[in-house]
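Novice: pasting the sequence and the predicted coordinates here, then a few questions.
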Amino acid sequence: MRAAQASTSSAPEPTPFDQRSYQVRLDWGVDGLARLAPADVVVVVDVLRFSTTVTRRLEHSADAVSLDADADAMSTNGAPLARAAEASGAVVLLGGVRNATSVARACLAIQHERAARTSVAVIPAGELTGREPGATLRFAVEDLLGAGAVVAALSALGTDHTSPDAAAACEAYVGLGRAVAHLLTASGSGLELAERGLGDEVRAAAAIDATDVVPVLRGGAFVAR
């Protein structure tokens, strides 16, 4: 019910950047989410490592992963974005390379449940350059590829009315998908995590469609949909 309200109640004035005419939309971070027209479903993509960490914990039988209870699993990028998406009234999913096809199937299942055309905003989190007020958002190749994987999976299932932004991310993933493991391990975030002894998490994040677990945010915690 919340998802239906997201696209019908107190909608902001249209802008050239809100992508409202497209079913599948894409923009970066909390500011990008605010730029887009309200969507029924928001897919948060923070590949290294919020999306992957939460998904893997649910894979390994965790009942739920709270946004607040476990700081190590959380992210200065993905967690605030998930909270903002939840506040918008959308259904909030976590996606990435590891579960892209399952996320796309979940979006279609939500559309079936709603019995109405369902808009999907795919939001790569990017990386903040610092934690202080005014920190800028850095492009993160791992999140571009993760978002592109989700858009490509949606398109493969027939949800292909994508904005130019979403289409560009999709083609980046389609063109580079065979190299995704190398690209993630060689990325700045991948190298940083490897230096911290978390190289296994980077490799897990690059495993294409390795799981059917789709985290959905309910009441401040992610559970498996």
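Specialist: That came in fine, so what should we check first?
Novice: where do the helices of this protein begin and end?
Specialist: Secondary structure of the chain, counting by DSSP state H: helices at 2-6, 29-35, 52-59, 78-87, 100-114, 141-156, 164-176, 180-186, 188-195, 199-205.
Novice: in TSV, list those helices along with distance to residue 16 and mean neighbour count.
Specialist: From N, CA and C alone the C-beta is placed, and that goes for glycine too. As requested, the helices of the chain are exported to TSV (distance: least, CB to CB, whole Å; neighbours: other CB atoms under 10 Å):
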stretch	distance to residue 16	mean neighbour count
helix 2-6	21	17
helix 29-35	10	18
helix 52-59	34	24
helix 78-87	22	21
helix 100-114	25	20
helix 141-156	21	27
helix 164-176	12	18
helix 180-186	31	18
helix 188-195	31	16
helix 199-205	34	18
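Novice: out of these, nearest to residue 21?
Specialist: Closest to residue 21 of the helices of the chain, according to CB to CB: helix 164-176, at 11.1 Å.
Novice: then that closest one to PDB, C-alphas only?
Specialist: As requested, the backbone C-alpha atoms of helix 164-176 are provided in PDB (Å, rounded to 0.1, in the frame of the first residue of the first chain):
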ATOM      1  CA  PRO A 164      18.600   7.400 -20.600                       C
ATOM      2  CA  ASP A 165      20.500   7.200 -17.300                       C
ATOM      3  CA  ALA A 166      19.300   3.700 -16.600                       C
ATOM      4  CA  ALA A 167      20.000   2.600 -20.100                       C
ATOM      5  CA  ALA A 168      23.500   3.800 -20.000                       C
ATOM      6  CA  ALA A 169      24.200   1.900 -16.700                       C
ATOM      7  CA  CYS A 170      22.600  -1.200 -18.300                       C
ATOM      8  CA  GLU A 171      24.900  -1.000 -21.300                       C
ATOM      9  CA  ALA A 172      28.000  -0.500 -19.200                       C
ATOM     10  CA  TYR A 173      27.200  -3.700 -17.300                       C
ATOM     11  CA  VAL A 174      26.200  -5.600 -20.500                       C
ATOM     12  CA  GLY A 175      29.500  -4.600 -22.200                       C
ATOM     13  CA  LEU A 176      31.700  -5.200 -19.200                       C
END
